[in-house]
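> Sequence below, structure please.
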Amino acid sequence: MTTPGKNRPLRIGVVTVSDRASRGVYEDKGGPAIRAELDRIIASTWEPVVRVIPDDLDGIKDTLAELADREGCDLIVTTGGTGPAPRDVTPEATEAVCDKMMPGFGELMRSVSLAVVPTAILSRQTAGIRGTSLIVNLPGKPSAIHDCLMAVFPAIPYCLDLIGGAWIDTDPAVCQAFRPKA
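Below is the predicted model of the structure:
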């Protein structure tokens, strides 16, 4: 069976949600950490579509919709805005633009994070589907990005295949090496 997305080039949105990074007063460490992890995991040729935006509900919604609908990103990975602070609204923006929510992603990410830090219970990572795009919200700290992305990535190629996104070939040595303790 041929999946519609298997012959398209893979595009991945990498979105940093941070007031300070978007103003240039803070170095964006989350977006580069996501790109580095994806470079290790993905064996396919892929193109990043990078955005650094403020913690603003409408701005985040607009960016996610643009990356899915106009930029044709198969996967959109965000970092930042998943805590309990008043301006942390990335999960709300994600839910607002998605057709289906995928709560298992957030459940697994929190479980893996709790094994490292007890305050991970405050984290609100989630994931959802918009058309043929999968949106995954990650935390902002690079070490947490690694742990969470490695935990959920084994499900991402299959999810994209099911929703008609582009095919992702992964490096089996990397994907098999990390197994969550949860």
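
> Could you tell me which residues make contact with the nearest residue to Ile60 once chain neighbours are set aside?
Nearest residue to Ile60 in three dimensions, chain neighbours excluded: Ala93, at 3.6 Å (CB to CB, 6 or more residues apart in numbering). Placement of C-beta: from N, CA and C, glycine included. Residues in contact with Ala93 (CB atoms under 8 Å, 6 or more residues apart in numbering) are Leu57, Ile60, Lys61, Leu64, Gly81.

> go with 6 Å
Listed by CB atoms under 6 Å, 6 or more residues apart in numbering, the contact partners of Ala93 are Leu57, Ile60, Lys61.

> cool, Val15 as well?
The contact partners of Val15, taken as CB under 6 Å, 6+ apart, are Arg51, Thr78.

> which secondary structure element contains it?
Secondary structure from DSSP states H and E places Val15 in strand 10-17.

> pLDDT weak spots in this protein?
Scanning the chain for pLDDT under 70 picks out the ranges 1-8, 175-182.

> Give me the most central residue, it.
By CA atoms, centre = their mean, the chain has its centre lying nearest to Val77, at 2.3 Å.

> is it true that that residue touches Ile34?
Yes - assessed by CB atoms under 6 Å, Val77 is found in contact with Ile34 at 5.2 Å.

> Name the residues contacting each of those two.
Contacts common to Val77 and Ile34, judged by CB under 6 Å, 6+ apart, are Val14.

> And the strands in this structure?
Taking DSSP state E as the test, the strands found in the chain are 10-17, 46-53, 75-79, 100-101, 127-130, 133-138.

> The fourth one pairs with which strands?
If I follow you right, that is strand 100-101. Based on DSSP bridges, the pairing partners of strand 100-101 within the sheet are strand 127-130 (antiparallel).

> again, but for the second one
The pairing partners recorded for strand 46-53 under DSSP bridges are strand 10-17 (parallel).

> Report the backbone C-alpha coordinates of stretch 87-101 in PDB.
In PDB, the C-alpha atoms belonging to stretch 87-101 read as follows (Å, rounded to 0.1, in the frame of the first residue of the first chain):
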ATOM      1  CA  ARG A  87       1.800  33.400  29.600                       C
ATOM      2  CA  ASP A  88       2.300  29.700  29.000                       C
ATOM      3  CA  VAL A  89      -0.400  29.100  26.400                       C
ATOM      4  CA  THR A  90       1.200  26.700  23.900                       C
ATOM      5  CA  PRO A  91      -1.000  23.800  24.700                       C
ATOM      6  CA  GLU A  92      -4.200  25.900  24.500                       C
ATOM      7  CA  ALA A  93      -3.000  27.200  21.100                       C
ATOM      8  CA  THR A  94      -2.300  23.700  19.900                       C
ATOM      9  CA  GLU A  95      -5.700  22.400  21.000                       C
ATOM     10  CA  ALA A  96      -7.400  25.400  19.300                       C
ATOM     11  CA  VAL A  97      -5.900  24.600  15.900                       C
ATOM     12  CA  CYS A  98      -6.000  20.800  16.000                       C
ATOM     13  CA  ASP A  99      -8.700  18.400  14.600                       C
ATOM     14  CA  LYS A 100      -7.800  15.700  17.000                       C
ATOM     15  CA  MET A 101      -5.800  15.600  20.200                       C
END
